[in-house]
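**Q** Would you be able to build a 3D model of this:
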Amino acid sequence: IQYVSVASVQIHGRSTGAAWAAKTASMKDCKVHWFEQQTDHFSWIPPPGNRTTFRQRYFICHPPGLAGQAVQKKPKNIFYYFGNEDNVELYVNNTGLMWESAEEFQAVMVFAEHRFYGETMPFPPGTEGCMSYLTTEQALADSARLLQLIRAGRSPVPWKAEQGAVIGFGGSYGGMMAAWFRIKYPHLVDGVVAGSAPIWSFLGMEPPYNSGGYYDIVTRDASAAGGATDNCKNAFRAGQPRIYALADSADGRKLLSKSFRTCVDLATPEQAKGLVAWAQEPWSWLAMGNFPYASGYLLHGHGTLPPWPVRAACAALDALTPASSDSELLAGMREAAAVYYNHSGSVHCFYNGNTDEHSSPPRTMLGGASRIRKTLANNNSNKVRSNAAADMCEGDWDYQWCTEMVQPFSSDGEHDMFWPPVPFDLAASTKGCQQQWGVTPRPYWVDLEYGAKNLRGATNIVFSNGLLDPWMAGGVTKSVSPSVVALIVEEGAHHLDFMFSHDLDPAQVKQVRETEREHMRRWIAERALDLQHRITPETALV
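**A** Numbers count the residues shown, from 1 in each chain. Here you go, the predicted model:
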C-alpha cells in the first residue's frame, strides 16, 4: 500500500446532512492499491506474451473530519467511481459530489482506473495485438471483478456486502460506463449517478442521433441563448471564409500572419487555411468547461479558464458583425481563441512554432469531436499515423472510436457557426481508422451491446445533463421511469453537478445534487430491505 500523491482539493460550502466547513481532501485521505486484474475476461486463449494478468490501480479514500474517521473504521456503504479515458487521479481530485456526500452516507470511496490509462497498463509498449484488449466490455468486467472482491470482504476496503449498498458514479465516458455497468451487472451495484453521459450519441439509434447536435450546442453557448450575444456566433462564422479567401494571396497571408500574431509567417495557402481549424478548436473545450467560476478541470490542472469562458471568448466578438473589416474579424477571432490557448497570459505568438501555447489533452473522448471533424475536413489525407500505432499499448480515444465507440459528428455552417461544412462520412472515417490503427470500426456495436435507447429494463440510474454542455446532444434528457431519471441543469456545462460546491453555483445545480442524494437514499433503503428479507439456508427452512 502506498499513500497517493494527489494535489489538495478545496471543498467549498456544505453538503446536506453534515456540517462541512472549508476542508481539503488530500493525500492523507486516500491510499493507492493495486489489484491483480485479469487481462482477458472472455477467452481461454492466453493474451500476447502470456500476460494473463496486469496490475489495476485504484484508490480508497475516506471523507475527512471526525465523522470521516468513524467511516474509515466501519463504513456502511461504498461509493465507486468508474474510471475514464484518463489518469484516475483527475477524478479523485475533482469529483466533489462523492467527497461532499460520503460523510452523510458513511461511505468509503473507491476510484478505479480504466485499463490502458494512467498507470494501469496491461502490456508494455510494442506488444503486438495489445490494443485489442482495450474495449468497454473488458473494462466493465474489470470493475465487476473488483467489486465482487470488495463485496465479498476480500479487499483492503473494510466492508462486506451485507453491510450496505454500493453506489456508482461516473462523469462523461465514466458516466457511460456507470450506466452500462448497472445495466449489465445490476447485482454488483445498487444504483448509479451518470453525469453528462452521452450513451445515445451513436449510430443505429432510433430515433437517430443528430450528428450535428454537438456543434449546435457549442454555437448556442456562443449566442444570446447561452448568455453571450448573437453577434459572437455570427462574427465568428463570417470570419472563417475570410481566412480561406486571404490564404490564396501573399498579401492575404501577410495580413493573416499579422492579425493572428503567428510565430512564423504563413508561407503557403494550406498553412494559412489551417488557421480555421486552430480557431475552431477552443470552442468545444470552452463550452464543456463553461462553468460559472474559474476552473482548471478542462485544462487538466495546467492552468485556469475564466468564469463563463465562452462568454469571455465572445467578448472579443460581441461588438463585431459579418460586415466588419477583415482586420477586425481576424483580431476578434484571435482574442477569442486566446482565452483557451493563452489562459496563462504568457503566450506571445500563436499557431505555428509556439510550444507554450496550450494544447488540448490528448487521447480523451472530450476532444474526440474536434479531432474527428478535422480528420474529415482533411479527408484523411494528412497527419495520419501508420498502423504501427496499433502496438503503442497505451489508451487512446481515437482507437476506441475506431473500434466500437463510433460517435458521429458533423457541422453544416447554418445551424452552427463552423465553416466549411463537414458532413459525417463513415467511409472516410473508416479509411482513416484502417490507416492509423489497422482496424475497421463496428459502427453499430454499441447499439447492439448496450440496448440502444431501450432502457425499459434498467433501474436505479440517474442521468444528469447541462444545457450548456455539447455532450447533452447524446444524453438521456427525459426520464424513462421513476427509477431511471433524467435531471437537467439549465446553466450547467460538463457534469457541473459532479464538481465541488462553489459559492457561484447556480441554484439548479444545488437542487440537482440534492435530488441525486435523494435517489441515493432510496437505493440504500432498498438495499437494506433486500438484506432484511434475504433468503439464507436458515430462513429457507422456516
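**Q** Please work out how many residues are found near the nearest residue to residue 394 once chain neighbours are set aside.
**A** Closest residue in space to residue 394, ignoring its immediate chain neighbours: residue 116 at 6.2 Å, by C-beta to C-beta, 6 or more residues apart in numbering. Any C-beta I mention is one placed from the backbone N, CA and C, and that applies to glycine too. Neighbour count of residue 116, defined by other C-beta atoms under 10 Å: 26.
**Q** I'd say residue 116 and residue 395 touch.
**A** Yes - between residue 116 and residue 395 a contact is recorded at 3.5 Å, counting by C-beta atoms under 8 Å.
**Q** what secondary structure does the residue nearest to residue 394 sit in?
**A** State at residue 116, reduced to three classes by DSSP: H, G, I helix; E, B strand; the rest coil: coil.
**Q** Tell me the pLDDT of it.
**A** Note on residue 116: pLDDT of 98.
**Q** residues touching it, list them.
**A** Contact analysis of residue 116 by C-beta atoms under 8 Å, 6 or more residues apart in numbering lists 122, 131, 133-134, 393-395.
**Q** Of the residues you listed, just the buried ones, ChimeraX syntax please.
**A** Applying 16 or more other C-beta atoms under 10 Å to the contacts of residue 116, the buried members can be selected in ChimeraX as follows:
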select :122,131,133,134,393,395
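**Q** Looking at the contacts of residue 116, spot the one nearest residue 318.
**A** When the contacts of residue 116 are ranked by distance to residue 318 (C-beta to C-beta), residue 395 comes first, at 39.6 Å.
**Q** which of the residues in the helix ranked longest in the chain are buried?
**A** Longest helix in the chain by number of residues (criterion: DSSP state H): helix 507-532. If you call a residue buried by 16+ other C-beta under 10 Å, then helix 507-532 has these buried ones: 508-509, 512-513, 516-517, 519-520, 523-524, 526-527.
**Q** neighbours of the closest residue to residue 262 other than its chain neighbours, just the number please.
**A** Leaving aside its sequence neighbours, residue 262 sits nearest to residue 351 (C-beta to C-beta, 6+ apart; 4.7 Å). Residue 351: 23 surrounding residues under other C-beta under 10 Å.
**Q** Where does pLDDT dip in the stretch 401-542 of the chain?
**A** 535-542 (pLDDT under 70).
**Q** The residue nearest in space to the middle of the chain and residue 296, how far apart?
**A** Ranked by distance to the mean C-alpha position of the chain (C-alpha atoms, centre = their mean), the top residue is residue 172 at 3.6 Å. According to C-beta to C-beta, to the nearest Å, residue 172 stands 16 Å off from residue 296.
**Q** Check residue 359 too.
**A** 15 Å.
**Q** what's the answer for residue 175, then?
**A** According to C-beta to C-beta, residue 175 stands 21 Å off from residue 296.
**Q** how long is stretch 306-321 from one end to the other?
**A** 25 Å (C-alpha to C-alpha, to the nearest Å).
**Q** correction: stretch 185-200
**A** 20 Å.
**Q** what comes up buried for it?
**A** 185, 188-200.
**Q** next one: stretch 272-286
**A** 272-276, 278-286.
**Q** outside of stretch 514-524, which residues touch it?
**A** 16, 77, 97, 101, 104-105, 164-165, 167, 190-191, 193, 460, 462, 464, 485, 487, 497.
**Q** do that again at 7 Å, thanks
**A** 16, 77, 97, 101, 105, 164-165, 167, 190-191, 193, 460, 462, 485, 487, 497 (C-beta atoms under 7 Å, 6 or more residues apart in numbering).
**Q** of all the residues you listed, which comes closest to residue 470?
**A** Looking across the contacts of stretch 514-524 and measuring by C-beta to C-beta, the closest to residue 470 is residue 497, at 16.6 Å.
**Q** tell me the contacts of that closest one?
**A** By C-beta under 7 Å, 6+ apart, the contact set of residue 497 is 97, 195, 464, 489, 509, 512-513, 516.
**Q** In the residues you listed, find the pair that's most separated.
**A** Once C-beta to C-beta is applied, these give 97 and 489 as the farthest pair, at 12.4 Å.
**Q** Next, find the distance separating residue 424 from residue 410.
**A** Taking C-beta to C-beta, one finds residue 424 at 4 Å from residue 410.
**Q** shared neighbours of those two, which are they?
**A** residue 211.
**Q** what ranges do the strands span in the stretch 151-300 of the chain?
**A** Here the stretch 151-300 of the chain has its strands, by DSSP state E, counting those that start in this stretch, at 166-171, 191-195.
**Q** Using TSV, lay out these together with mean pLDDT.
**A** As requested, the strands of the stretch 151-300 of the chain are exported to TSV (pLDDT from 0 to 100):
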stretch	mean pLDDT
strand 166-171	98
strand 191-195	98
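**Q** what does stretch 220-229 contact?
**A** The contact list for stretch 220-229 (C-beta under 7 Å, 6+ apart) reads 230, 232-233, 236, 283, 287, 290, 308, 310-311, 314, 318, 417, 468.
**Q** Dump the residues you listed into JSON lines; add distance to residue 335 as well.
**A** Listed next are those as JSON lines, based on distance: C-beta to C-beta, whole Å:
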{"residue": "230", "distance to residue 335": "18"}
{"residue": "232", "distance to residue 335": "12"}
{"residue": "233", "distance to residue 335": "16"}
{"residue": "236", "distance to residue 335": "11"}
{"residue": "283", "distance to residue 335": "13"}
{"residue": "287", "distance to residue 335": "18"}
{"residue": "290", "distance to residue 335": "18"}
{"residue": "308", "distance to residue 335": "16"}
{"residue": "310", "distance to residue 335": "14"}
{"residue": "311", "distance to residue 335": "13"}
{"residue": "314", "distance to residue 335": "10"}
{"residue": "318", "distance to residue 335": "11"}
{"residue": "417", "distance to residue 335": "16"}
{"residue": "468", "distance to residue 335": "21"}
